[in-house]
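Asker: Starting from these lines, generate the structure:
(2 chains)
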Amino acid sequence: MRSIMGDYEETELRLGLPGAGGGGNEGETSRNSSGKRGFLETVDLNLNLNNSSDGNQVEDMKQKNPIPASTDSAKPPNKAQVVGWPPVRSFRKNVLSVQKNTTATDDNKSGGSSMAFVKVCVDGAPYLRKVDLKMYQSYQQLYDALSKMFSSFTIGNCGSQGLKDFMNESKLIDLLNGSDCVPTYEDKDGDWMLVGDVPWEMFVDSCKRIRIMKGSEAIGLAPRTVERCKNRG
Amino acid sequence: MHSFHSMLNYFPEEVLEHIFDFLTSHRDRNAVSLVCKSWYAVERFSREKVFVGNCYAISPERLIARFPRVRSLTLKGKPHFADFNLVPNDWGGYVQPWIESIVRGRVNLEELRLKRMLVSDESLELLATFFPNFKSLVLVSCEGFTTDGLAAIASNCRFLRELDLQENEVEDRRGQWLSCFPDSCTSLVSLNFTCLKGEVNLASLERLVARCRNLRSLRVNNAVPLDALQRILAQAPQLVDLGTGSFVHDPDTESYNKLETSMQKCTSITSLSGFLDVSARCLPAVYPICGQLTSLNLSYAPGIYSDELVKLICYCNRLERLLVLDTIGDKGLGVVASSCKELQELRVFLSDVYGIGNTAVTEEGLVAISAGCPKLNSILYFCQQMTNEALIMVAKNCPNFIRFRLCTLNPTVPDAITMQPLDEGFGAIVKSCKDLKRLSISGLLTDQVFLYIGRYAKQLEMLSIAFAGDSDKGMLSVLNGCKKLKKLEIRDCPFGNVALLADMGKYETMRSLWMSSCEVTFGACKTLAQKMPRLNVEIINENDQIEASVDDKQKVEKMYLYRTLVGPRKDAPGFVWTL
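Answerer: Take a look at the predicted model:
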């Protein structure tokens, strides 16, 4: 039966650590098995009951596995194993996979993994989330997505307006003087950096995890940021 | 009526022939040949271009017997689903017997176009040896040959005008095939070797371009670097169609500046493609010609992100045909919608070809395009999700679709907002687009969508279905309603024997039917084959050898049936069983 996964499952609360890494799993399990489901592999706690309607790509990270209507096997094939789907010509597959493997050395990388999942933690929230940075092409898009993700929490100025204000430099100084929240990230070297300094692609390549700081810790960062804004201005 | 008919008979044959000369479409000529015997006779002696949609539907001998003056032959081999690894490589579609017959028949072949066929070096050598007037070779999605075969063509076809290789699997023998064009060859109009992986002698290429003053279309491969491209463009500013080679270079160099200058002088280029290896920083060299372009293919450049794509495309105001990857995103498609008002054809391909991740393209991009591009008539769209609302809007904005192919990453994904099947959306498309000839559907779909297709898609010729439908009713609706259906390909659908056997005569009006992973059984296929001698019913069974006694109730994994005038083929491999 190809039933659509019910809303019930989408709102099911699960305990435990966020699911293991993002994309490369070729062994996504089917949605009929009782174990990990591809769709819910990450901690996908949707506090908005009408989640399915906003088409939020971040929430919809994992594909549901297709179930061939005609099969009566107990375990439907997972998506990576369905021969000929998606229908892409072999020639095209070969050309694009070769390009993925030979990473260009300049700043336009076509290679590497097609996904870059990182944990996002917001100070004060009871659990973390994961986002795929390759879904976005700019800081603004990332902030929009994070705002939606954490909108249900009372994180003060780190709600959707707060993060958007962070991009708006005229409000930035007010915000930081109020110093409620600052987005930071841990880079490849293990250093904690302020989000937004480097070009987007470079950020995607070097970001390992994101933390949205708030409260007193954030205050300490503010002066540097304000100075940077002045220099940018 | 009677007097009109006899009046026409007063015309000598030459006059009739002259009138028929104006009929270029093979369908028109086919129609004309059915009028009466004398028209049939005049037509067959005057037909120079013959199109064979399925190489196993007719034999080369019979074709030559009917059309002795044939000069241009188009042949198609494997079924379409072979593109997606559903058909084993050695299933068939050999061109060799055709070429041998044509040689024996003393035909003056000048043009050969092949799609999804197996071509050997020997075949190419035969062509090169026996057809001194050979002018045009077009190979699409073929395989089995090497650069040695190309060398034979280059060496011997003194009047070659066109060598067009599209998406073929060619083995590189490092034999410098391109250098085999003799110095006396100046006739080339079109040369496309994008799909070749090996190097060519750059000096030979530049000399070839320099002496072929009629060269209009040149598509090189990855091994041709940017500075060589610059030298070529300097020699050939008359080009109309350009496929770049490697488009990676340090922009702060003299080579790159020279390229910009040469590119600017190419005021005739209207079609641009290639970019299999490209750095975004080099794209600005192309900006000066963007305003001229009617066709742009960036679908092999996954490293170009949306912002850079958009910077290029917003200059392309005359664009009629655009091929891109889903890296363009919905926002990028919005820019296309506002910049490319002449757009007729759009293809958005997957950058993540295994479909494991996500894609940045959703129904929003499609709606934006439909709203901004009123001339849109052909679309191939890979996307993350779709909604009925979006499809209904698209149907309303663009009633002129001739080809509509939608592919959702998850083949059974429902409407992203309502979670309903996508029946209503596709129903709106077929209802609105009265000239629709080709349709591919995907997403969660029930029998209802097929009811709509059968009811409204009256001009439909090709339909591709996967993971859709609930019962035989679905397939029956299509077979009953789509009177002009030529090709039907179905995979992983719950269609079975009742649908297959309901109207067996229908298949003689069609070119072919493909069904895989459906509910059809051996018994039903045997029945069909017995009752319809002018159909070849092939069972493709890769795993086991064909057993003599197969249980009739066993389901068939892959079935391919097609009409034919020449009975079961003799070159079928062991795993193909013609019933």
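
Asker: From B:V200, how far out is B:E162?
Answerer: Computed as C-beta to C-beta, to the nearest Å, the B:E162 to B:V200 distance reads 18 Å. Yep, even glycine has a C-beta here, placed from its N, CA and C like the rest.

Asker: between those two, which one's more packed in?
Answerer: Ranked by neighbour count (other C-beta atoms under 10 Å in any protein chain shown), B:E162 and B:V200 place B:V200 first, with 21 against 18.

Asker: Apart from its chain neighbours, what residue comes closest to that one?
Answerer: B:L178 (4.2 Å; C-beta to C-beta, 6 or more residues apart in numbering or on different chains).

Asker: can you list the weak-confidence ranges in the chain?
Answerer: No chain specified, so I'll use chain A. Scanning chain A for pLDDT under 70 picks out A:1-81, A:100-114, A:151-181, A:215-233.

Asker: My question was about chain B, not that one.
Answerer: For chain B, applying pLDDT under 70 flags the ranges B:1-10, B:355-357, B:543-549.

Asker: Can you name the residue of it nearest chain A?
Answerer: B:G303 (2.9 Å; C-beta to the nearest C-beta).

Asker: That residue contacts B:A280, correct?
Answerer: Yes: B:G303 is within contact range of B:A280, at 7.1 Å (criterion: C-beta atoms under 8 Å).

Asker: could you point out which element follows the helix or strand where A:M202 lies?
Answerer: Using DSSP states H and E, A:M202 falls within helix A:200-206. Where DSSP H and E defines the elements, the next helix or strand beyond helix A:200-206 is strand A:209-214.

Asker: Give the buried residues for that following strand.
Answerer: A:I210, A:R211, A:I212, A:M213, A:K214 (16 or more other C-beta atoms under 10 Å in any protein chain shown).

Asker: mind listing what the residue nearest to B:V200 touches?
Answerer: B:A154, B:F193, B:V200, B:N201, B:S204, B:L205, B:L208 (C-beta atoms under 8 Å, 6 or more residues apart in numbering or on different chains).

Asker: Filter those residues down to the buried ones.
Answerer: The neighbour count (16+ other C-beta under 10 Å) marks B:A154, B:F193, B:V200, B:L205, B:L208 as buried among those.

Asker: out of these, which one sits closest to B:A360?
Answerer: Nearest to B:A360 among the buried ones among the contacts of B:L178, counting by C-beta to C-beta, is B:F193 at 32.3 Å.

Asker: Quick check, that closest one in contact with B:L205.
Answerer: No: using C-beta under 8 Å, B:F193 is not in contact with B:L205; the gap is 9.5 Å.

Asker: Now do the shared contacts for these two.
Answerer: B:L178, B:V220.

Asker: What about the closest residue to B:E169 other than its chain neighbours, how many residues nearby?
Answerer: Closest residue to B:E169 apart from its sequence neighbours, by C-beta to C-beta, 6+ apart: B:E143 at 3.9 Å. For B:E143, the neighbour count with other C-beta under 10 Å is 19.

Asker: what is B:E143 paired to in the beta sheet?
Answerer: B:L118, B:E169 (DSSP bridges).

Asker: show me what contacts it?
Answerer: B:N89, B:L118, B:V119, B:N168, B:E169, B:V170.

Asker: Could you show which parts of the stretch 351-500 of chain B are in contact with chain A?
Answerer: Selection of the stretch 351-500 of chain B residues close to chain A by C-beta under 8 Å from any C-beta of the partner chain yields B:351-358, B:360, B:362, B:382, B:384-385, B:407, B:409-414, B:416-417, B:419, B:444, B:466-470, B:491-494.

Asker: what does the stretch 101-250 of chain B put close to chain A?
Answerer: Proximity of the stretch 101-250 of chain B to chain A (C-beta under 8 Å from any C-beta) is limited to residues B:S141, B:E167, B:N168, B:E169, B:C195, B:V248.

Asker: redo that, cut-off 10 Å
Answerer: The stretch 101-250 of chain B comes close to chain A at residues B:S141, B:E143, B:Q166, B:E167, B:N168, B:E169, B:T194, B:C195, B:K197, B:N222, B:V248, B:D250, as judged by C-beta under 10 Å from any C-beta of the partner chain.

Asker: Quick check: the last one vs B:V103, distance?
Answerer: This means B:D250. 52 Å.

Asker: Which of these two has more residues huddled nearby?
Answerer: A count of neighbours by other C-beta under 10 Å puts B:V103 above the other of B:D250 and B:V103, at 15 against 12.

Asker: close enough to count as contact, the more buried one and B:L126?
Answerer: Yes: using C-beta atoms under 10 Å, B:V103 is in contact with B:L126, at 6.2 Å.

Asker: and the end-to-end length of stretch B:457-466?
Answerer: This stretch, stretch B:457-466, spans 18 Å end to end (C-alpha to C-alpha, to the nearest Å).

Asker: Residue 92: what's it in contact with?
Answerer: Defaulting to chain A. By C-beta atoms under 10 Å, 6 or more residues apart in numbering or on different chains, A:R92 lies in contact with B:D83, B:E167, B:S299, B:Y300, B:F349, B:L350, B:V353.

Asker: my bad, chain B
Answerer: By C-beta under 10 Å, 6+ apart, B:G92 lies in contact with B:C55, B:Y56, B:G77, B:K78, B:M117, B:L118, B:E538, B:R569, B:D571, B:A572, B:P573, B:V576.

Asker: repeat that with 8 Å
Answerer: Contacts of B:G92 by C-beta under 8 Å, 6+ apart are B:Y56, B:G77, B:K78, B:L118, B:R569, B:D571, B:A572, B:P573, B:V576.

Asker: Of those residues, which count as buried by neighbour count?
Answerer: Using 16+ other C-beta under 10 Å, the buried ones in the contacts of B:G92 are B:Y56, B:G77, B:K78, B:L118, B:R569, B:A572, B:V576.

Asker: tell me which element the nearest residue in space to B:C180 that is not next to it in sequence is part of?
Answerer: Spatially, and ignoring its direct neighbours in sequence, B:C180 is nearest to B:A154 (3.9 Å; C-beta to C-beta, 6+ apart). Per DSSP H and E: B:A154 is located in helix B:147-156.

Asker: How about B:Y381?
Answerer: strand B:378-383.

Asker: Please name the strands paired to that strand in the sheet, noting orientation.
Answerer: Here strand B:378-383 is paired, per DSSP bridges, with strand B:345-349 (parallel), strand B:403-408 (parallel).

Asker: With distance to A:A145 and mean neighbour count added, can I get these in JSON lines?
Answerer: Below are the strands paired with strand B:378-383 laid out as JSON lines (distance: least, C-beta to C-beta, whole Å; neighbours: other C-beta atoms under 10 Å in any protein chain shown):
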{"stretch": "strand B:345-349", "distance to A:A145": "22", "mean neighbour count": "23"}
{"stretch": "strand B:403-408", "distance to A:A145": "22", "mean neighbour count": "23"}
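
Asker: Show me the one of the ones you listed that comes nearest B:T521.
Answerer: Nearest to B:T521, of all the strands paired with strand B:378-383, is strand B:403-408, at 29.2 Å by C-beta to C-beta.

Asker: Now do the closest one: everything it contacts.
Answerer: By C-beta under 8 Å, 6+ apart, strand B:403-408 touches A:86-87, B:345, B:377-386, B:429, B:433, B:436-443, B:464.

Asker: Just the CA coordinates for that strand, please, in CSV.
Answerer: The C-alpha trace of strand B:403-408 is given here as CSV (Å, rounded to 0.1, in the frame of the first residue of the first chain):
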residue,chain,number,x,y,z
ARG,B,403,6.3,18.4,-24.5
PHE,B,404,5.8,18.3,-20.8
ARG,B,405,8.1,16.1,-18.7
LEU,B,406,8.1,16.4,-15.0
CYS,B,407,10.3,14.3,-12.7
THR,B,408,10.1,14.5,-9.0
